[in-house]
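In: Okay, sequence plus prediction incoming.
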Amino acid sequence: MASYPILPEKLLLISLKMYFTPDQTLTYLRDLLNPVNEIVHPTNKDKLLLALIPDFLTIWPCAQILKEYETNLATTTRTPNPTPTFLLGAQDCFWESQGAYTGEVSPASIRALGCSIVELGHAERRAIFNETDAQTARKAAATCAQHMVPLVCIGEVTAPGPIASQAVGQAVTECAVLVRAVLAAIPDDAPVIFAYEPVWAIGQPKPAGVDHVAAVVQGIRAVIGVRAGTARVLYGGSAGPGLWGAGGLGRAVDGMFLGRFAHQIEGVREVVREVEETLALV
Ligand SMILES: O=C(CO)COP(=O)(O)O
């Protein structure tokens, strides 16, 4: 019987959006996995898991690279590898699994190619394609039906004003609408990831302030409440090296959702190291 992926304590997810050519994506994934680069540490996977979310066109070759990686790992360590060392995701899906839906991508096909995560409701899709909360919730249900994890992007549109507490309240209120819609649409035991990405902090030189993020994430966790399935809350929006460690986001969130600041392998290595330090894995 199919089961949901198990989410460890911390997650580092990377979306390539539409930045890379196919060749760049495959080289990038090989670099992430190359032990010489010291980014993916298989022995840490029960505590920290990385995932790559490439464009649709490169999911299949990425899955092939990952399959080869896992096979080699199992051979060299002489241990069977029941849970993956690295996860693959898609940047969107449709809510139906099959039929006359030109240009859409079926969650069943995404699953069949080896993805465990489907990103949904990103701010760019809302702004450019007018995607709604109701559509995102339907897609989340379809994702869970294929035993994948919905990665639901939430975040307030307007940058905080001068009164911090008001800004936090406003942000939580805006995020709560989609959080509630998604939780009502998916089974209670399905794992789910919420990526808190303040819209005003995406594509910027710097991320949102740690205090703002910590307070909003606390509010989001209260909205999620108690459920049978795991719910992880990540931060995204110009996240990169230097954001996690001492006085940073490590105390507030379950991981980060990286964009541009993960384009260089060195940046990913630094972020991984910061998370490993807070988990006492190094
Ligand atoms: O939207 C994001 C991740 O999905 C964040 O992107 P940037 O880190 O490039 O701002």
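Out: That came in fine, so what should we check first?

In: Spatially, which residue comes closest to the residue in the chain that the ligand sits nearest to, not counting chain neighbours?
Out: Here the residue of the chain nearest the ligand is residue 259; by Cβ to the nearest ligand atom that distance is 2.3 Å. C-beta: built from backbone N, CA, C; applies to glycine. Nearest residue to residue 259 in three dimensions, chain neighbours excluded: residue 15, at 6.0 Å (Cβ to Cβ, 6 or more residues apart in numbering).

In: which helices and strands does the lowest-mean-pLDDT helix or strand in the chain pack with?
Out: One helix or strand of the chain scores below all others by mean pLDDT, DSSP states H and E: helix 59-77, with a mean of 94. On a contact count with 3 or more Cβ pairs under 8 Å, 6 or more residues apart in numbering; DSSP states H and E, helix 59-77 meets helix 22-33, strand 86-90.

In: So what touches that helix?
Out: Here helix 59-77 makes contact (Cβ atoms under 8 Å, 6 or more residues apart in numbering) with 22, 25-26, 29-30, 33, 42, 52, 54, 80-81, 84-86, 88, 90, 110, 113-115.

In: just the buried members of these?
Out: 25-26, 29, 33, 42, 52, 54, 84-86, 88, 90, 110, 113-115 (16 or more other Cβ atoms under 10 Å).

In: and those residues, which two are the farthest apart?
Out: Maximum pairwise distance in the buried ones among the contacts of helix 59-77, criterion Cβ to Cβ, is 24.5 Å, between 42 and 110.

In: Who does residue 232 form a beta bridge with?
Out: residue 193 (DSSP bridges).

In: Now do the same for it: its pLDDT.
Out: For residue 232, the model assigns a pLDDT of 98.

In: Then the one 10 residues further on?
Out: In this model, residue 242 is scored at 97, pLDDT.

In: Could you tell me which residues make contact with it?
Out: Residues near residue 242 by Cβ under 8 Å, 6+ apart: 248, 270, 274.
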